[in-house]
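1. Can you look at this prediction? I've put the sequence above it.
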Amino acid sequence: MFRRPIKEISAEFQAEERHLDGIQRVVRDACGSAGMARKDISAVLLAIEEGATNIIRHAYLYEPGILRVRIVIYKKLITFSLIDRGRSFRPEGHGQLNLERLVESGRRGGLGFYMIQKIMDSVEYISSEGQNELRMSRHLGERGKGGAAPLLRRMFTLRFKFSLWTAIIVSIIIGGAFYFINDRTEDEIYSHLDGTAGALGMTIAEQAGLYMLNHRSDVEFDELVLSYSNSNPMLVQIVLVDSAGLTVAHSDDIHFIRKLYSPPPTIDSTLVGVPQRWLHNQSQVNYLILPILAGERRLGTVHLTYSSALINEKLVSAREGILKLTILLVAVGVIGIYLLSNYFVKPIVNITRRVRRFTSGDLDSELPLEGADEFYEISHALNQMMTRLRRERETAVERERMAKEIEVASQIQKTLLPGKLPRFPGLEVEAFYRAASMIGGDLYDVFPINGHRCGMVVADVSGKGVPASLVMSMLRTVIQIFSRDAVSARTTLQSVNEYLSLNMPPGMFITVLMAIYDSRRRVVNFVSAGHNPLLLYTAATRKVSKINPAGMPLGMPDMSADDVARPMTLEEVHVPLQDGDVFIAYTDGITEAHDRNGEQYGLDRLIEFVESHVNGSEALNLTRLSHDLVTEIDTFVGATGQRDDMTFVIGRATPRNDESAPEGAPDRSAVDTTTVPTEESDPDSAS
Amino acid sequence: MGPMENIRISLSESGHDRDISEIRVDGVIDTMTATELEEVFDTLLRRNRYRIVVDLAGVDYISSAGWGIFISHIKDVRSSQGDIKLSGMVADVHEIFELLEFDRILKVYASVDEAIGDFGPGPGSQGEKKKDRDTAPDRR
């Protein structure tokens, strides 16, 4: 729609209020070079300041950021773009804002946008790929109200141009036709004239031949020519010449009789029967020589001079008629074209006007569909585009809202994970958690139960997203509460399951690995509700063993269950710890991390990692170990990226500083496995 | 150009009962300096002083933040039988004032005295309700 830009100005600023001055200076200079009036410049500066302030305050929330100013000057338009990479905030109050309503509400955000809209001819907010652009444009020179007048003006010129060019083409065609017809008419008229003169001449020659054969008197000859010249106004002169070249009769003067006849100088007397033109008394006359014959014998010649004056008059009037008709035709043509152009341009004006409204954010009004021509096609296509845009905008808003909610949920979830891990005598713990998406379904927790016992949990909720995270947060609370009174990890999870089965959505289940460490007895007891096996590195043997106590995931329907609720079956494992022993609990995000070819990291690699990295030395740094493990898995996964939440908790038995002879320190000769199968033998399950 | 040097605001009391607050502003009311004017308005409104004349004769530029102060307070001020009257606008500022159609909301006067005169007799020191015809919210 617009021509090539005359000038482009770009500048970058730190998004801080103290740089507003600088931004305004750039804009002022650009407006000045575009030849904008002073009062218009201050209005533009106001709009720019409002736009820039909004970016600093609302897009960047006063955080550091870059504000890019881009000004493009066209011949009749100047556009200002303020570009940021902050939060996308759609200016308040889309479409036209009502001043009275703004005053009524006392809202300032809307007022700012109102001012921008008042000052600029068009305002757009484009947000894509993390970049937001507030694009404002203003017409240069005489300002049209709301951009409608320049639009109409453009349309008028379009129509004018169309009319002008078609009028020129029509004039050339009609003019050419006129010239052609005129030329033809002239030729026709002359040939008609010559034909008449020829016929007359023949008659005269015939009569004169008869007279000559009968040797009529001079007077009779004279009467003959006079009678013809008088009865035919086109005949100027008739001369009869005998075979000797002497004048027999002369319509002008009898004194030429018997004298030698000489034709006018430009006339070729040998050209018999061919009309010739010559100038006589400044007017063109025609000359025709015809033979007077008696059979084969030539008795003399008739010299006819005939005027084209009469015919000229006719010609002129004919020409005038044609010219008038031509002018009339051209005029009718031009007017018709102009009216017709109205008819053709009008849909364009209508469509353009609607499109303008579309661009200013009004996606709701549809273009009327009329007729079945190309405009119908355009309107239809535009309507479809608008519908799609509208849907896109709605989903974008929805997506933005969802993203915000997810962000909030993810932040809440993070606060649910233990911030700083508690310390226990003789046990060092390190944990890692990384969600694959914003909201994970994994959980770990390390919490004190009482002075000498602490609980550790690694869990994985089936499913992902908000529902999983909600269940997760419930799980964490419930475990902490139930572990307080429980005698073991087993009874804790049994109570937790009982609670969850009443409060968890059907179809969802949780695998949990729970450990309770007793610092006095230096024993950890583990239960697993369908969770991945625990890895235990025994310092004495430098080997890793898998500990996988039997148990169903929490929330799984118990097949054997009848009406009577009974505690779930869980196997419990007691592991006495020695200095340097390391155990690691993890979720399937670790072992099932896979590379590009779909190969999983797997338990064997994890065991190998632990064996090679934990060498039982005192110098082992758990933080370092955790970091190395994450790096190893990330390297293994490579560009494929993390697909599932990754969680693990590493515990290590360390020498107790308060080595106050633990009473009943268990014999660490072997892993003591106690299986407690059913409720019958379980004193805790009264339910 | 530090922001603080760009504006000077002085406050005085006029009118019969000294119930009209006259704010004289000099300089530029932009995003940064507008907060100072805002504070003055807040102070006045906190003290229930709703009859306000703003002398803009010394102001070369008013940013959106500046206009925002007037526009956002006018409703409350008028509902308390007061008004915000602007006086002595320079040509450039007045152009924008008209462009933004704020003349539909706010009244402007050539001079401070004219603005004060237009307030009419005040509500008096004892009663606030006596006179409200002249000061009733002026909405067209």
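-> Nice, I can see it. Numbers count the residues shown, from 1 in each chain, chains lettered A, B, ... in the order given.

2. Helix or strand: which one has the closest residue to A:M212 other than its chain neighbours?
-> Using C-beta to C-beta, 6 or more residues apart in numbering or on different chains and skipping the chain neighbours, the partner closest in space to A:M212 is A:L299 (4.7 Å). Every residue, glycine included, has its C-beta placed from N, CA and C. Using DSSP states H and E, A:L299 maps to strand A:297-307.

3. One more: A:D364?
-> Of the helices and strands defined by DSSP H and E, none includes A:D364.

4. Torsion angles phi and psi at it?
-> Note on A:D364: backbone dihedrals following degrees, to the nearest 10 are phi -90, psi -30.

5. neighbouring contacts of stretch A:358-375?
-> The contact list for stretch A:358-375 (C-beta atoms under 8 Å, 6 or more residues apart in numbering or on different chains) reads A:94-95, A:122-124, A:347-348, A:350-351, A:354, A:357, A:376, A:379-380, A:382-383, A:386, A:389-390, A:393.

6. Going by neighbour count, which residues of stretch A:366-383 are buried?
-> Buried residues in stretch A:366-383, counted by 16 or more other C-beta atoms under 10 Å in any protein chain shown: A:L367, A:F375, A:S379, A:L382, A:N383.

7. restrict the contacts of stretch A:358-375 to those near chain B?
-> When the contacts of stretch A:358-375 are checked against chain B using C-beta under 8 Å from any C-beta of the partner chain, none falls in range.

8. Going through those, which ones are buried?
-> Neighbour counting with 16+ other C-beta under 10 Å marks A:S122, A:V123, A:P347, A:R354, A:S379, A:L382, A:N383, A:M386 as buried within those.

9. what pairs with the first one across the strands?
-> For A:S122, the residues forming beta bridges with it (DSSP bridges) are A:S137.

10. surely it meets A:M136?
-> Yes: using C-beta atoms under 8 Å, A:S122 is in contact with A:M136, at 7.3 Å.

11. So is the longest strand anywhere in chain B next to chain A?
-> Ranked by residue count, the top strand of chain B under DSSP state E comes out as strand B:51-62. Yes: with C-beta under 8 Å from any C-beta as the criterion, chain A is reached by strand B:51-62 at B:Y61, B:I62.

12. Could you tell me how far the helix or strand just after the strand holding A:L299 lies from the centre of the chain?
-> From strand A:297-307 onward toward the C-terminus, using DSSP H and E, the following helix or strand is helix A:309-359. Between the centre of helix A:309-359 and the centre of its chain there are 41 Å (C-alpha atoms, centre = their mean, to the nearest Å).

13. if we can go back for a sec, which two in the buried ones among the contacts of stretch A:358-375 are spaced the farthest apart?
-> Farthest-apart pair in the buried ones among the contacts of stretch A:358-375 is A:V123 and A:P347; separation 26.8 Å (C-beta to C-beta).

14. list the contacts for the closest residue to A:G441 other than its chain neighbours?
-> Residue nearest to A:G441 in three dimensions, not counting chain neighbours: A:A468, with 3.6 Å by C-beta to C-beta, 6+ apart. Applying C-beta under 8 Å, 6+ apart, we find A:A468 in contact with A:I439, A:G440, A:G441, A:V461, A:S462, A:M508.

15. separation between A:R520 and A:R453?
-> Applying C-beta to C-beta, to the nearest Å, the value for A:R520 to A:R453 is 8 Å.

16. residues shared between the contacts of those two?
-> Common contact partners of A:R520 and A:R453 (C-beta under 8 Å, 6+ apart): none.

17. which outside residues touch the strand holding A:L299?
-> Contact with strand A:297-307 is made by A:193, A:197, A:200-201, A:204-205, A:208-209, A:212-213, A:234-243, A:248, A:261, A:263, A:269, A:272, A:280, A:283, A:285-293, as judged by C-beta under 8 Å, 6+ apart.

18. tell me the mean pLDDT for that strand?
-> Strand A:297-307 shows a mean pLDDT of 89.

19. What residues sit buried inside that strand?
-> Across strand A:297-307, burial judged by 16+ other C-beta under 10 Å covers A:L299, A:G300, A:T301, A:V302, A:H303, A:L304, A:T305, A:Y306, A:S307.

20. for stretch A:119-135, same thing?
-> Across stretch A:119-135, burial judged by 16+ other C-beta under 10 Å covers A:I119, A:M120, A:D121, A:S122, A:V123, A:Y125, A:S127, A:N132, A:L134, A:R135.

21. and what of stretch B:43-63?
-> Buried residues in stretch B:43-63, defined by neighbour count with 16+ other C-beta under 10 Å: B:44-45, B:49-56, B:59, B:61-63.

22. And stretch A:489-508, by the same measure?
-> Neighbour counts over stretch A:489-508 (16+ other C-beta under 10 Å) mark A:489-501, A:504, A:508 as buried.

23. thinking again about what came up before, I'd like the distance from the longest strand of chain B to the chain centre, please.
-> The chain centroid and the centroid of strand B:51-62 are separated by 7 Å, computed with C-alpha atoms, centre = their mean.
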